[in-house]
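[1] give me a 3D structure for the following:
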Amino acid sequence: MERAARSLLVAHVALIAFSTVALTTFLAGNPPAWLATEPAQTIYRYGWMLSGPSYVLLGAAAIFFHAAYRFGVPRALGLLAAGTLLSLSAELIGTSTGLPFGPYSYTTLLGYRIGGLVPFPIPLSWFYMVYASLAITGRILPARQSEISKAGWAFCAGAILTAWDVAMDPAMSKATTHWLWHTDGFFYGMPLSNWVGWFLTGSVVARAMISIVPTEQFAQKVSSSRLPLAIYAINGVMPIAICFRHQLWWAGILGIVAMGLALILARRSDRLIPPVIFGT
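    Residues are numbered from 1 along each chain as shown. Below is the predicted model:
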C-alpha cells in the first residue's frame with residue numbers, strides 16, 4: 001500500500017501537470033490547425049474525455065491507499081464512503097434545488113453524471129481534498145477529545161477546503177464550461193452562497209471523517225505525512241494557472257493567497273511535527 005500510494009501520487013501529479021500545460025496553451029484559445037488532423041483529433045477527443053476524470057481517480061486512489069496503510073482497509077473504506085456519499089448528497093440537492101451552493105448545473109465535460117446531474121469524479125474529489133484539508137488542520141489545531149475541539153477541526157477543514165474553490169470555480173465555470181451558474185454572481189459569475197455551501201458541506205464531511213478516525217489518530221498518522229499536503233497543493237496549480245491564462249486576475253491572486261496561507265501554516269508546523277511520508 002505504501003508503494004501504491006506513492007506511485008498513484010506521481011501519476012496524479014503528472015496528469016495534472018500535463019492537463020495544466022494543455023489548458024493554458026493550445027487548448028486555451030482557437031485550436032491549432034494540426035489538432036484537426038488525424039491522429040491528433042482522436043487523441044484530443046479521448047484525452048479531453050478521460051484526463052479530468054482520470055486525475056481525480058488517481059488522487060482518490062492515492063489517498064485511499066494512504067489511509068488504508070495507516071488505519072486499515074475497513075476504516076479507509078469508511079472514510080471513502082463518508083467523503084463521497086455525503087458530498088454526493090449535497091451536490092445532488094444543490095443541482096436539483098440550488099441549495100446550499102446556488103443555482104448551477106454540470107456539463108458533460110467531466111464524464112458520466114450520477115442521476116443525470118453530478119459527474120462521478122466530483123464526490124471523489126471531495127473525499128481526497130477533505131482528507132488533505134484535515135491533514136493540514138492537524139498541523140494547525142491541537143487534537144482533543146472534546147466536542148468543541150472536534151467542531152473546531154471540522155470548521156477549520158471546511159475553510160481550508162473552501163480556499164481551494166477560490167480559483168477553481170472561476171477556472172471551471174468562467175474560463176471553461178465544466179459547470180454553469182444560472183445567476184450573475186459577484187465573483188466571476190459565482191454567487192457568495194457557493195462558498196457558504198462549500199464551507200458547510202466540507203465541515204459536515206470533515207466531521208463525519210473524524211468520527212471514523214479520531215482527531216488524535218489523524219494528527220499522529222496523517223498530519224505527519226507530506227503526501228496529503230502535496231495532494232492539496234498540486235490540485236491548486238491547474239485552476240490558478242487557468243485563471244491567470246484567461247486574465248481572471250483576482251481569482252488567481254486570491255487563490256494563491258487562500259491556499260498558500262493554509263500551506264504556510266502547515267509547513268511552519270514541521271518544527272513541531274516530524275515529517276513522515278508513509279508513517280516510517
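[2] report how many residues lie close to residue 147.
    Counted with other Cβ atoms under 10 Å, the neighbours of residue 147 add up to 8. C-betas here are computed from N, CA, C, even on glycine.
[3] can you list the weak-confidence ranges in the protein?
    When residues are selected by pLDDT under 70, those of the chain lie in 26-50, 269-280.
[4] for it, what spans make up the strands?
    Secondary structure of the chain (DSSP state E): strands at 104-106, 113-114, 118-119, 179-181.
[5] name the surrounding residues that touch the second one.
    Applying Cβ atoms under 8 Å, 6 or more residues apart in numbering, the set of residues contacting strand 113-114 from outside is 88, 92, 106, 119-120, 123.
[6] just the last one next, same as before
    Where contact means Cβ under 8 Å, 6+ apart, the residues beyond strand 179-181 that reach it are 102-107, 172-173, 189-191.
[7] what's the spacing between the nearest residue in space to residue 188 that is not next to it in sequence and residue 145?
    Nearest residue to residue 188, sequence neighbours excluded (Cβ to Cβ, 6 or more residues apart in numbering): residue 170, at 4.0 Å. In this view, residue 170 and residue 145 are 40 Å apart by Cβ to Cβ, to the nearest Å.
[8] of those two, who's got more company?
    Shown here are residue 170 and residue 145; by other Cβ under 10 Å, residue 170 has more neighbours (25 against 9).
[9] who are the contact partners of that one?
    187-190, 239, 243, 248, 251.
[10] look up phi and psi at residue 144.
    With angles defined as degrees, to the nearest 10, residue 144 sits at phi -130, psi 170.
[11] what's the closest non-adjacent residue to it?
    Nearest residue to residue 144, sequence neighbours excluded (Cβ to Cβ, 6+ apart): residue 215, at 7.2 Å.
[12] check residue 56 too.
    Nearest to residue 56 is residue 121, by Cβ to Cβ, 6+ apart, at 3.8 Å.
[13] follow-up on the earlier one: confirm for me that the residue nearest to residue 144 is in contact with residue 146.
    No - Residue 215 is beyond contact range of residue 146, at 9.9 Å (criterion: Cβ atoms under 8 Å).
[14] which one's more surrounded, the two?
    The neighbour comparison of residue 215 against residue 146 (other Cβ under 10 Å) goes to residue 215, with 25 against 9.
[15] who are the contact partners of the more buried one?
    Residue 215 neighbours (Cβ under 8 Å, 6+ apart): 138, 143-144, 149-150, 153.
[16] and the residues you listed, which are buried?
    Using 16 or more other Cβ atoms under 10 Å as the burial test, those include 138, 143, 149-150, 153 as buried.
[17] measure residue 159 to residue 149 for me?
    Residue 159 is 16 Å from residue 149, by Cβ to Cβ.
[18] same thing with residue 165?
    Applying Cβ to Cβ to residue 165 and residue 149 gives a distance of 26 Å.
[19] residue contacts, the residue nearest in space to the middle of the chain?
    Nearest to the geometric centre of the chain sits residue 129, at 4.1 Å (Cα atoms, centre = their mean). Counting by Cβ under 8 Å, 6+ apart, residue 129 touches 161, 164, 231-232, 235.
[20] about what we covered before: farthest-separated two in the contacts of residue 170?
    189 and 239 (14.9 Å; Cβ to Cβ).
[21] who touches the closest residue to residue 128 other than its chain neighbours in this structure?
    Leaving aside its sequence neighbours, residue 128 sits nearest to residue 63 (Cβ to Cβ, 6+ apart; 4.0 Å). Contacts for residue 63 (Cβ under 8 Å, 6+ apart) come out as 5, 127-128, 131-132, 228, 231.
[22] out of the residues you listed, who's nearest residue 257?
    Using Cβ to Cβ, those come closest to residue 257 at residue 132, 18.3 Å.
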